[in-house]
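Trainee: Quick one: sequence and predicted model below, then my questions.
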Amino acid sequence: MNFDNSFKTLPPYFFEEVKPTPLKKARPIHVHFLKEDLGLALSDEEIAQWLNGERSLPGEQRISTRYAGHQFGVWAGQLGDGRAISLGEILTPKGRMEIQTKGSGLTPFSRMGDGKAVIRSSVREYLCSEAMAGLNIPTTRVLGLLTGEDPVYRETVERSALVARIFPSNLRYGHFELCYHFGKKDELKCLINYTLKTFFPDMTLEDMLQEVVKRTATLVALWQDVGFCHGVMNTDNMSILGLTIDYGPFGFLEDTNLSHICNHSDHQGRYAYDKQPGVAMWNLERFLVCFMDFVSKEKLLQIYQSYGEHFQKTYASLYRKKLGLLKEDPLDQKLFIDILGTLSTHSIDYTFFWRNLSHYRRREEKSLQEIWDYYGKLEKLSDWLKRYDERLSLESCSDDQRAKRMKKHNPKFILRNYIAQEVIDEVEKGERLKLGHWLKVLSLPFDEHPEFKIYARPTPPSHKNHVVSCSS
(Lines give C-alpha, C1' and ligand atoms only; values in the text may rest on other atoms or scores of the structure.)
Protein backbone atom coordinates (compact mmCIF):
# COMPACT_ATOMS: atom_id res chain seq x y z
CA MET A 1 0.00 0.00 0.00
CA ASN A 2 1.39 3.34 -1.07
CA PHE A 3 0.13 6.58 0.52
CA ASP A 4 0.62 9.70 -1.56
CA ASN A 5 -1.04 12.48 0.40
CA SER A 6 -0.92 15.11 -2.30
CA PHE A 7 -3.56 17.43 -0.82
CA LYS A 8 -1.16 18.22 2.02
CA THR A 9 1.23 19.79 -0.50
CA LEU A 10 -1.25 22.69 -0.73
CA PRO A 11 -0.91 25.72 1.56
CA PRO A 12 -2.02 25.04 5.16
CA TYR A 13 -5.01 27.33 4.56
CA PHE A 14 -6.84 24.39 2.98
CA PHE A 15 -6.72 21.91 5.85
CA GLU A 16 -6.22 21.31 9.55
CA GLU A 17 -4.61 18.36 11.28
CA VAL A 18 -7.31 16.62 13.31
CA LYS A 19 -7.30 14.03 16.04
CA PRO A 20 -10.27 11.65 15.69
CA THR A 21 -12.67 10.85 18.51
CA PRO A 22 -13.03 7.05 18.41
CA LEU A 23 -16.45 5.51 18.78
CA LYS A 24 -17.00 3.71 22.07
CA LYS A 25 -16.94 -0.08 21.75
CA ALA A 26 -16.75 0.20 17.99
CA ARG A 27 -17.36 -2.89 15.92
CA PRO A 28 -17.44 -3.43 12.17
CA ILE A 29 -20.86 -4.05 10.66
CA HIS A 30 -19.49 -4.50 7.17
CA VAL A 31 -16.17 -4.10 5.36
CA HIS A 32 -16.32 -3.98 1.58
CA PHE A 33 -14.20 -6.07 -0.78
CA LEU A 34 -12.81 -2.74 -2.03
CA LYS A 35 -10.21 -3.13 0.70
CA GLU A 36 -8.42 -5.48 -1.68
CA ASP A 37 -8.33 -2.84 -4.44
CA LEU A 38 -6.77 -0.46 -1.92
CA GLY A 39 -4.10 -2.97 -0.94
CA LEU A 40 -5.22 -3.02 2.69
CA ALA A 41 -3.75 -6.33 3.85
CA LEU A 42 -5.57 -6.15 7.17
CA SER A 43 -8.36 -8.12 8.79
CA ASP A 44 -11.79 -6.53 9.07
CA GLU A 45 -11.15 -5.92 12.77
CA GLU A 46 -7.81 -4.22 12.05
CA ILE A 47 -9.39 -2.04 9.35
CA ALA A 48 -12.13 -1.08 11.81
CA GLN A 49 -9.52 -0.09 14.39
CA TRP A 50 -7.72 2.05 11.82
CA LEU A 51 -10.88 3.75 10.60
CA ASN A 52 -11.90 4.42 14.19
CA GLY A 53 -8.58 6.06 15.04
CA GLU A 54 -7.41 3.32 17.39
CA ARG A 55 -4.37 2.42 15.31
CA SER A 56 -2.27 4.11 12.66
CA LEU A 57 -0.63 3.05 9.40
CA PRO A 58 2.72 4.26 8.05
CA GLY A 59 2.27 7.27 5.78
CA GLU A 60 -1.33 8.03 6.74
CA GLN A 61 -2.76 11.47 7.45
CA ARG A 62 -5.60 12.77 9.59
CA ILE A 63 -6.85 16.05 8.13
CA SER A 64 -10.10 17.90 7.55
CA THR A 65 -10.38 20.39 4.71
CA ARG A 66 -11.66 23.96 4.62
CA TYR A 67 -14.12 25.03 1.94
CA ALA A 68 -17.07 27.40 1.49
CA GLY A 69 -20.30 27.38 -0.46
CA HIS A 70 -23.80 28.49 -1.33
CA GLN A 71 -26.50 26.63 0.55
CA PHE A 72 -30.10 26.75 -0.70
CA GLY A 73 -29.05 29.60 -2.98
CA VAL A 74 -27.51 31.74 -0.22
CA TRP A 75 -23.83 32.40 0.44
CA ALA A 76 -23.00 30.47 3.61
CA GLY A 77 -19.39 31.58 4.05
CA GLN A 78 -16.70 29.24 5.33
CA LEU A 79 -17.76 25.65 5.81
CA GLY A 80 -15.52 22.57 5.76
CA ASP A 81 -15.37 18.92 6.77
CA GLY A 82 -17.42 19.23 9.93
CA ARG A 83 -17.36 15.54 10.85
CA ALA A 84 -15.12 14.02 8.19
CA ILE A 85 -11.42 13.21 8.37
CA SER A 86 -9.20 12.16 5.48
CA LEU A 87 -6.98 9.23 6.42
CA GLY A 88 -4.89 9.44 3.29
CA GLU A 89 -4.68 9.04 -0.46
CA ILE A 90 -3.61 5.67 -1.81
CA LEU A 91 -2.19 5.09 -5.28
CA THR A 92 -3.80 1.96 -6.74
CA PRO A 93 -3.74 0.33 -10.19
CA LYS A 94 -7.14 1.96 -10.73
CA GLY A 95 -5.90 5.42 -9.76
CA ARG A 96 -5.74 7.66 -6.72
CA MET A 97 -8.19 6.82 -3.93
CA GLU A 98 -8.76 8.95 -0.84
CA ILE A 99 -10.23 7.38 2.29
CA GLN A 100 -12.38 9.67 4.41
CA THR A 101 -14.26 8.75 7.56
CA LYS A 102 -17.56 10.44 8.37
CA GLY A 103 -18.59 10.54 12.02
CA SER A 104 -15.06 10.72 13.46
CA GLY A 105 -15.81 13.53 15.90
CA LEU A 106 -15.33 17.27 16.13
CA THR A 107 -13.16 19.12 13.65
CA PRO A 108 -12.30 22.83 13.43
CA PHE A 109 -15.16 23.10 10.92
CA SER A 110 -17.93 21.46 12.97
CA ARG A 111 -19.56 24.81 13.74
CA MET A 112 -22.64 23.96 15.85
CA GLY A 113 -22.44 20.24 15.08
CA ASP A 114 -21.11 17.39 17.20
CA GLY A 115 -18.97 15.72 14.54
CA LYS A 116 -20.87 12.45 14.90
CA ALA A 117 -22.93 10.29 12.56
CA VAL A 118 -25.72 7.83 13.28
CA ILE A 119 -26.59 4.34 12.02
CA ARG A 120 -29.59 5.62 10.07
CA SER A 121 -27.72 7.95 7.73
CA SER A 122 -24.57 5.83 7.54
CA VAL A 123 -26.47 2.76 6.34
CA ARG A 124 -28.34 4.88 3.80
CA GLU A 125 -25.08 6.27 2.43
CA TYR A 126 -23.53 2.82 2.21
CA LEU A 127 -26.51 1.37 0.38
CA CYS A 128 -26.96 4.28 -1.98
CA SER A 129 -23.31 4.60 -2.94
CA GLU A 130 -23.35 0.93 -3.95
CA ALA A 131 -26.71 1.38 -5.69
CA MET A 132 -25.35 4.27 -7.74
CA ALA A 133 -22.22 2.33 -8.64
CA GLY A 134 -24.45 -0.55 -9.74
CA LEU A 135 -26.42 1.89 -11.92
CA ASN A 136 -23.13 3.01 -13.51
CA ILE A 137 -23.41 6.53 -12.09
CA PRO A 138 -20.19 8.21 -10.88
CA THR A 139 -20.17 8.14 -7.08
CA THR A 140 -18.19 7.88 -3.92
CA ARG A 141 -17.94 4.32 -2.60
CA VAL A 142 -17.80 2.94 0.93
CA LEU A 143 -14.95 0.92 2.44
CA GLY A 144 -16.69 0.02 5.66
CA LEU A 145 -19.33 0.73 8.27
CA LEU A 146 -18.80 0.76 12.04
CA THR A 147 -21.21 1.22 14.91
CA GLY A 148 -20.51 2.32 18.46
CA GLU A 149 -22.24 2.73 21.79
CA ASP A 150 -22.08 6.54 21.97
CA PRO A 151 -25.46 8.29 22.26
CA VAL A 152 -26.03 10.82 19.48
CA TYR A 153 -28.74 13.43 19.88
CA ARG A 154 -30.84 14.17 16.79
CA GLU A 155 -34.66 14.22 16.72
CA THR A 156 -34.27 11.32 19.15
CA VAL A 157 -31.28 9.66 20.84
CA GLU A 158 -29.56 7.37 18.33
CA ARG A 159 -26.49 5.17 18.31
CA SER A 160 -23.24 6.37 16.80
CA ALA A 161 -21.80 5.10 13.55
CA LEU A 162 -18.92 5.75 11.22
CA VAL A 163 -18.87 5.32 7.45
CA ALA A 164 -15.62 5.31 5.47
CA ARG A 165 -15.90 6.85 2.02
CA ILE A 166 -13.60 6.21 -0.92
CA PHE A 167 -13.18 8.61 -3.83
CA PRO A 168 -10.41 9.98 -6.04
CA SER A 169 -10.68 13.35 -4.33
CA ASN A 170 -12.75 15.40 -1.91
CA LEU A 171 -12.34 18.53 -4.09
CA ARG A 172 -15.60 20.45 -4.36
CA TYR A 173 -16.79 23.65 -5.97
CA GLY A 174 -16.60 25.05 -2.45
CA HIS A 175 -12.80 24.75 -2.21
CA PHE A 176 -12.50 27.21 -5.09
CA GLU A 177 -15.27 29.45 -3.75
CA LEU A 178 -13.39 29.68 -0.47
CA CYS A 179 -10.34 31.22 -2.13
CA TYR A 180 -12.22 33.53 -4.45
CA HIS A 181 -14.69 34.99 -1.97
CA PHE A 182 -12.09 35.46 0.75
CA GLY A 183 -9.57 37.10 -1.57
CA LYS A 184 -6.99 34.29 -1.40
CA LYS A 185 -5.67 34.72 -4.93
CA ASP A 186 -2.30 33.05 -4.30
CA GLU A 187 -3.96 30.08 -2.63
CA LEU A 188 -6.44 29.83 -5.50
CA LYS A 189 -3.58 29.75 -7.98
CA CYS A 190 -1.96 26.93 -5.99
CA LEU A 191 -5.24 25.02 -5.92
CA ILE A 192 -5.70 25.43 -9.66
CA ASN A 193 -2.18 24.18 -10.39
CA TYR A 194 -2.62 21.25 -8.01
CA THR A 195 -5.96 20.25 -9.55
CA LEU A 196 -4.61 20.44 -13.09
CA LYS A 197 -1.50 18.44 -12.29
CA THR A 198 -3.23 15.78 -10.20
CA PHE A 199 -6.61 15.25 -11.89
CA PHE A 200 -6.54 16.95 -15.30
CA PRO A 201 -2.99 16.43 -16.57
CA ASP A 202 -2.17 17.74 -20.05
CA MET A 203 -5.15 20.12 -19.92
CA THR A 204 -5.20 23.89 -19.89
CA LEU A 205 -7.29 25.65 -17.25
CA GLU A 206 -9.95 26.39 -19.85
CA ASP A 207 -10.02 22.73 -20.85
CA MET A 208 -10.36 21.72 -17.20
CA LEU A 209 -13.30 24.05 -16.63
CA GLN A 210 -14.97 22.75 -19.77
CA GLU A 211 -14.47 19.20 -18.50
CA VAL A 212 -16.01 20.06 -15.11
CA VAL A 213 -19.06 21.47 -16.90
CA LYS A 214 -19.32 18.37 -19.09
CA ARG A 215 -18.98 15.95 -16.18
CA THR A 216 -21.57 17.85 -14.16
CA ALA A 217 -24.04 17.84 -17.05
CA THR A 218 -23.48 14.12 -17.59
CA LEU A 219 -23.92 13.34 -13.89
CA VAL A 220 -27.22 15.20 -13.58
CA ALA A 221 -28.53 13.62 -16.80
CA LEU A 222 -27.76 10.22 -15.29
CA TRP A 223 -29.60 11.20 -12.10
CA GLN A 224 -32.66 12.25 -14.08
CA ASP A 225 -32.54 9.06 -16.12
CA VAL A 226 -32.91 6.77 -13.08
CA GLY A 227 -35.17 9.12 -11.12
CA PHE A 228 -32.59 9.98 -8.46
CA CYS A 229 -33.16 13.04 -6.24
CA HIS A 230 -30.05 14.30 -4.42
CA GLY A 231 -31.90 16.51 -1.98
CA VAL A 232 -29.15 19.00 -1.09
CA MET A 233 -27.42 20.31 -4.22
CA ASN A 234 -25.51 23.05 -2.42
CA THR A 235 -22.29 24.15 -4.13
CA ASP A 236 -20.26 22.59 -1.31
CA ASN A 237 -21.88 19.26 -2.20
CA MET A 238 -20.76 19.38 -5.83
CA SER A 239 -17.67 17.40 -6.90
CA ILE A 240 -15.39 18.91 -9.54
CA LEU A 241 -14.80 15.33 -10.75
CA GLY A 242 -18.48 14.81 -11.50
CA LEU A 243 -19.11 12.36 -8.65
CA THR A 244 -22.27 11.94 -6.61
CA ILE A 245 -21.16 12.94 -3.11
CA ASP A 246 -22.68 13.68 0.29
CA TYR A 247 -25.64 11.32 0.50
CA GLY A 248 -28.10 12.97 2.83
CA PRO A 249 -31.87 13.23 2.25
CA PHE A 250 -31.81 11.52 -1.13
CA GLY A 251 -34.59 9.51 -2.74
CA PHE A 252 -35.73 7.87 -5.96
CA LEU A 253 -38.93 8.71 -7.82
CA GLU A 254 -41.79 6.42 -6.95
CA ASP A 255 -45.10 7.77 -8.27
CA THR A 256 -43.34 9.77 -11.02
CA ASN A 257 -44.10 13.05 -9.29
CA LEU A 258 -41.72 15.17 -11.36
CA SER A 259 -41.67 17.92 -8.74
CA HIS A 260 -40.95 15.44 -5.93
CA ILE A 261 -39.05 16.93 -2.97
CA CYS A 262 -37.13 14.32 -1.00
CA ASN A 263 -35.75 16.68 1.68
CA HIS A 264 -38.26 17.90 4.25
CA SER A 265 -35.98 20.86 5.00
CA ASP A 266 -36.38 22.08 1.41
CA HIS A 267 -39.50 24.13 2.08
CA GLN A 268 -39.33 26.03 -1.23
CA GLY A 269 -38.67 22.96 -3.36
CA ARG A 270 -35.36 24.33 -4.63
CA TYR A 271 -33.92 20.84 -5.01
CA ALA A 272 -37.01 19.08 -6.37
CA TYR A 273 -36.37 16.37 -8.96
CA ASP A 274 -37.32 18.51 -11.97
CA LYS A 275 -35.21 21.44 -10.71
CA GLN A 276 -31.93 19.51 -10.55
CA PRO A 277 -30.66 20.28 -14.08
CA GLY A 278 -31.22 24.02 -13.58
CA VAL A 279 -29.70 24.02 -10.11
CA ALA A 280 -26.56 22.34 -11.45
CA MET A 281 -26.22 25.13 -14.00
CA TRP A 282 -26.69 27.76 -11.28
CA ASN A 283 -24.01 26.05 -9.21
CA LEU A 284 -21.64 26.01 -12.17
CA GLU A 285 -22.06 29.76 -12.54
CA ARG A 286 -21.00 30.19 -8.89
CA PHE A 287 -18.02 27.92 -9.58
CA LEU A 288 -16.88 29.56 -12.82
CA VAL A 289 -16.98 33.05 -11.30
CA CYS A 290 -14.02 31.97 -9.16
CA PHE A 291 -11.75 31.94 -12.23
CA MET A 292 -12.36 35.49 -13.44
CA ASP A 293 -8.77 36.49 -12.65
CA PHE A 294 -7.41 33.64 -14.78
CA VAL A 295 -9.80 33.27 -17.73
CA SER A 296 -11.53 35.96 -19.80
CA LYS A 297 -15.15 36.71 -19.06
CA GLU A 298 -16.07 35.86 -22.66
CA LYS A 299 -14.44 32.43 -22.45
CA LEU A 300 -16.03 31.68 -19.07
CA LEU A 301 -19.43 32.59 -20.49
CA GLN A 302 -18.84 30.29 -23.45
CA ILE A 303 -17.89 27.43 -21.13
CA TYR A 304 -20.89 28.10 -18.92
CA GLN A 305 -23.32 28.15 -21.84
CA SER A 306 -22.09 24.78 -23.06
CA TYR A 307 -23.79 23.10 -20.09
CA GLY A 308 -27.22 23.06 -21.73
CA GLU A 309 -25.96 21.40 -24.89
CA HIS A 310 -24.02 18.75 -22.93
CA PHE A 311 -27.02 18.01 -20.73
CA GLN A 312 -29.56 17.82 -23.53
CA LYS A 313 -27.34 15.63 -25.71
CA THR A 314 -26.60 13.21 -22.87
CA TYR A 315 -30.17 13.07 -21.62
CA ALA A 316 -31.53 12.47 -25.14
CA SER A 317 -29.13 9.55 -25.55
CA LEU A 318 -30.29 8.13 -22.22
CA TYR A 319 -34.02 8.40 -22.83
CA ARG A 320 -33.65 6.76 -26.23
CA LYS A 321 -32.01 3.85 -24.43
CA LYS A 322 -34.89 3.79 -21.95
CA LEU A 323 -37.27 3.57 -24.90
CA GLY A 324 -35.15 0.95 -26.66
CA LEU A 325 -34.45 3.17 -29.66
CA LEU A 326 -31.28 2.93 -31.72
CA LYS A 327 -32.08 5.51 -34.37
CA GLU A 328 -32.75 9.20 -33.77
CA ASP A 329 -36.00 10.82 -34.76
CA PRO A 330 -37.10 14.46 -34.21
CA LEU A 331 -40.27 13.30 -32.44
CA ASP A 332 -38.44 11.17 -29.85
CA GLN A 333 -38.35 13.98 -27.30
CA LYS A 334 -42.10 14.53 -27.45
CA LEU A 335 -42.71 10.79 -27.20
CA PHE A 336 -40.61 10.68 -24.03
CA ILE A 337 -42.08 13.83 -22.49
CA ASP A 338 -45.60 12.60 -23.13
CA ILE A 339 -45.02 9.27 -21.40
CA LEU A 340 -43.55 11.11 -18.40
CA GLY A 341 -46.74 13.17 -18.29
CA THR A 342 -48.86 10.03 -18.42
CA LEU A 343 -46.86 8.37 -15.66
CA SER A 344 -47.25 11.51 -13.54
CA THR A 345 -50.99 11.85 -14.21
CA HIS A 346 -51.68 8.27 -13.14
CA SER A 347 -49.03 8.16 -10.37
CA ILE A 348 -47.31 5.17 -11.97
CA ASP A 349 -44.14 3.97 -10.33
CA TYR A 350 -41.17 5.21 -12.40
CA THR A 351 -38.80 2.25 -12.13
CA PHE A 352 -41.61 -0.33 -12.28
CA PHE A 353 -42.94 1.14 -15.53
CA TRP A 354 -39.64 1.34 -17.38
CA ARG A 355 -38.62 -2.17 -16.42
CA ASN A 356 -41.98 -3.51 -17.59
CA LEU A 357 -41.75 -1.54 -20.83
CA SER A 358 -38.58 -3.55 -21.48
CA HIS A 359 -40.88 -6.59 -21.87
CA TYR A 360 -43.24 -4.88 -24.29
CA ARG A 361 -43.95 -6.57 -27.61
CA ARG A 362 -45.24 -4.45 -30.45
CA ARG A 363 -49.02 -4.26 -30.70
CA GLU A 364 -49.43 -6.59 -27.75
CA GLU A 365 -50.77 -4.62 -24.80
CA LYS A 366 -51.06 -7.84 -22.83
CA SER A 367 -47.24 -7.93 -22.68
CA LEU A 368 -47.63 -5.15 -20.07
CA GLN A 369 -50.04 -7.29 -18.04
CA GLU A 370 -48.24 -6.59 -14.76
CA ILE A 371 -48.90 -2.86 -15.19
CA TRP A 372 -52.55 -3.41 -16.09
CA ASP A 373 -52.98 -5.76 -13.12
CA TYR A 374 -51.56 -3.20 -10.73
CA TYR A 375 -53.04 0.06 -12.07
CA GLY A 376 -56.02 -1.09 -14.12
CA LYS A 377 -56.67 -0.23 -17.75
CA LEU A 378 -55.33 3.26 -18.58
CA GLU A 379 -56.61 4.81 -21.78
CA LYS A 380 -53.86 7.43 -21.99
CA LEU A 381 -51.21 4.74 -21.73
CA SER A 382 -52.94 2.67 -24.42
CA ASP A 383 -52.97 5.71 -26.72
CA TRP A 384 -49.28 6.31 -26.09
CA LEU A 385 -48.44 2.67 -26.84
CA LYS A 386 -49.95 3.09 -30.31
CA ARG A 387 -47.54 5.97 -30.96
CA TYR A 388 -44.73 3.87 -29.50
CA ASP A 389 -45.63 1.06 -31.93
CA GLU A 390 -45.34 3.50 -34.83
CA ARG A 391 -41.95 4.68 -33.60
CA LEU A 392 -40.70 1.13 -33.12
CA SER A 393 -41.65 0.37 -36.73
CA LEU A 394 -38.74 2.61 -37.74
CA GLU A 395 -36.31 0.32 -35.91
CA SER A 396 -34.84 -2.78 -37.52
CA CYS A 397 -34.30 -4.93 -34.42
CA SER A 398 -36.65 -7.60 -33.07
CA ASP A 399 -38.68 -7.32 -29.86
CA ASP A 400 -36.34 -9.80 -28.19
CA GLN A 401 -33.24 -7.81 -29.16
CA ARG A 402 -34.81 -4.58 -27.93
CA ALA A 403 -35.89 -6.20 -24.66
CA LYS A 404 -32.37 -7.41 -24.01
CA ARG A 405 -30.94 -3.91 -24.52
CA MET A 406 -33.62 -2.20 -22.45
CA LYS A 407 -33.12 -4.54 -19.50
CA LYS A 408 -29.48 -3.47 -19.44
CA HIS A 409 -30.54 0.17 -19.14
CA ASN A 410 -33.77 0.09 -17.11
CA PRO A 411 -33.00 -1.29 -13.63
CA LYS A 412 -35.31 -3.73 -11.92
CA PHE A 413 -34.24 -2.53 -8.46
CA ILE A 414 -33.54 0.86 -6.94
CA LEU A 415 -33.00 1.83 -3.30
CA ARG A 416 -36.48 2.67 -2.11
CA ASN A 417 -36.69 4.44 1.23
CA TYR A 418 -38.71 1.67 2.84
CA ILE A 419 -36.06 -0.89 1.82
CA ALA A 420 -33.36 1.25 3.37
CA GLN A 421 -35.42 1.51 6.55
CA GLU A 422 -35.78 -2.27 6.78
CA VAL A 423 -31.99 -2.59 6.63
CA ILE A 424 -31.50 0.22 9.16
CA ASP A 425 -33.91 -1.44 11.61
CA GLU A 426 -31.97 -4.68 11.38
CA VAL A 427 -28.53 -3.04 11.76
CA GLU A 428 -29.76 -1.14 14.82
CA LYS A 429 -30.55 -4.53 16.35
CA GLY A 430 -26.98 -5.65 15.72
CA GLU A 431 -27.79 -7.83 12.71
CA ARG A 432 -26.40 -7.57 9.19
CA LEU A 433 -28.09 -10.20 7.00
CA LYS A 434 -30.32 -7.76 5.07
CA LEU A 435 -27.43 -5.34 4.64
CA GLY A 436 -25.39 -8.02 2.91
CA HIS A 437 -28.33 -9.10 0.76
CA TRP A 438 -29.13 -5.59 -0.41
CA LEU A 439 -25.52 -4.68 -1.11
CA LYS A 440 -25.53 -7.64 -3.50
CA VAL A 441 -28.85 -6.80 -5.16
CA LEU A 442 -28.12 -3.08 -5.53
CA SER A 443 -24.71 -3.75 -7.01
CA LEU A 444 -26.47 -5.75 -9.78
CA PRO A 445 -29.73 -3.83 -10.19
CA PHE A 446 -30.36 -4.97 -13.78
CA ASP A 447 -30.34 -8.67 -12.87
CA GLU A 448 -33.56 -10.52 -12.11
CA HIS A 449 -32.94 -11.63 -8.46
CA PRO A 450 -36.20 -13.65 -8.40
CA GLU A 451 -36.05 -14.08 -4.61
CA PHE A 452 -36.41 -10.28 -4.27
CA LYS A 453 -39.16 -9.90 -6.87
CA ILE A 454 -41.61 -8.31 -4.42
CA TYR A 455 -39.21 -5.36 -4.00
CA ALA A 456 -39.31 -4.65 -7.73
CA ARG A 457 -42.98 -3.80 -7.45
CA PRO A 458 -44.26 -0.30 -6.60
CA THR A 459 -43.67 0.88 -3.06
CA PRO A 460 -46.54 -0.19 -0.74
CA PRO A 461 -48.97 2.73 -0.20
CA SER A 462 -48.13 3.00 3.51
CA HIS A 463 -44.46 3.62 2.67
CA LYS A 464 -44.76 5.87 -0.38
CA ASN A 465 -42.94 9.14 -1.03
CA HIS A 466 -41.27 9.50 2.35
CA VAL A 467 -39.11 12.58 2.74
CA VAL A 468 -35.91 12.51 4.74
CA SER A 469 -34.27 15.13 6.91
CA CYS A 470 -30.76 16.57 6.72
CA SER A 471 -30.11 15.45 10.29
CA SER A 472 -27.57 12.67 10.31
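Mentor: That came in fine, so what should we check first?
Trainee: Contact partners for the residue lying closest to residue 250 once chain neighbours are set aside?
Mentor: Sequence neighbours aside, residue 231 is the residue nearest to residue 250 in space, at 5.0 Å (criterion: CB to CB, 6 or more residues apart in numbering). Where C-beta positions appear, they are placed from N, C-alpha and C, glycine not excepted. With contact set as CB atoms under 8 Å, 6 or more residues apart in numbering, residue 231 has these partners: 248-251, 262-263, 266, 271, 468, 470.
Trainee: taking the mean pLDDT, what do you get for the one helix or strand residue 132 maps to?
Mentor: Assigned by DSSP states H and E, residue 132 falls within helix 119-134. Summarised as a single mean, pLDDT over helix 119-134 is 97.
Trainee: Next SSE downstream of it?
Mentor: strand 141-153.
Trainee: what helices or strands is that next one leaning on?
Mentor: strand 27-31, helix 34-37, helix 44-51, helix 119-134, strand 157-167 (3 or more CB pairs under 8 Å, 6 or more residues apart in numbering; DSSP states H and E).
Trainee: run the last query once more with 10 Å
Mentor: strand 27-31, helix 34-37, helix 44-51, strand 95-102, strand 117-118, helix 119-134, strand 157-167, helix 417-428 (3 or more CB pairs under 10 Å, 6 or more residues apart in numbering; DSSP states H and E).
Trainee: And the contacts of the first one?
Mentor: In this case it means strand 27-31. 40, 42-49, 51-52, 119, 122-123, 126, 142-149, 161-164, 427, 430-432, 435-436, 439 (CB atoms under 10 Å, 6 or more residues apart in numbering).
Trainee: again, only this time at 7 Å
Mentor: Residues from elsewhere that reach strand 27-31 (CB atoms under 7 Å, 6 or more residues apart in numbering): 44-45, 47-48, 143-147, 427, 432, 435.
Trainee: mean confidence for that strand?
Mentor: The pLDDT scores in strand 27-31 average 93.
Trainee: Now do the same contact list for residue 99.
Mentor: Contacts for residue 99 (CB under 7 Å, 6+ apart) come out as 87-88, 90, 143, 164, 166.
Trainee: Try it again at 6 Å.
Mentor: 87, 164, 166 (CB atoms under 6 Å, 6 or more residues apart in numbering).
Trainee: which one of those residues sits closest to residue 391?
Mentor: Taking CB to CB as the measure, residue 391 sits nearest to residue 166 out of the contacts of residue 99, at 42.1 Å.
Trainee: I'd say the closest one and residue 97 touch.
Mentor: Yes. Using CB atoms under 6 Å, residue 166 is in contact with residue 97, at 5.4 Å.
Trainee: Need the mean per-residue confidence for stretch 324-332.
Mentor: Mean predicted lDDT for stretch 324-332 stands at 97.
Trainee: Over to it now: how far is its first residue from its last?
Mentor: Using CA to CA, to the nearest Å, the end-to-end distance of stretch 324-332 comes to 11 Å.
Trainee: what does it rub up against?
Mentor: So stretch 324-332 is contacted by 395, 402, 406 (CB under 6 Å, 6+ apart).
Trainee: List the buried residues of it.
Mentor: 324-325, 332 (16 or more other CB atoms under 10 Å).
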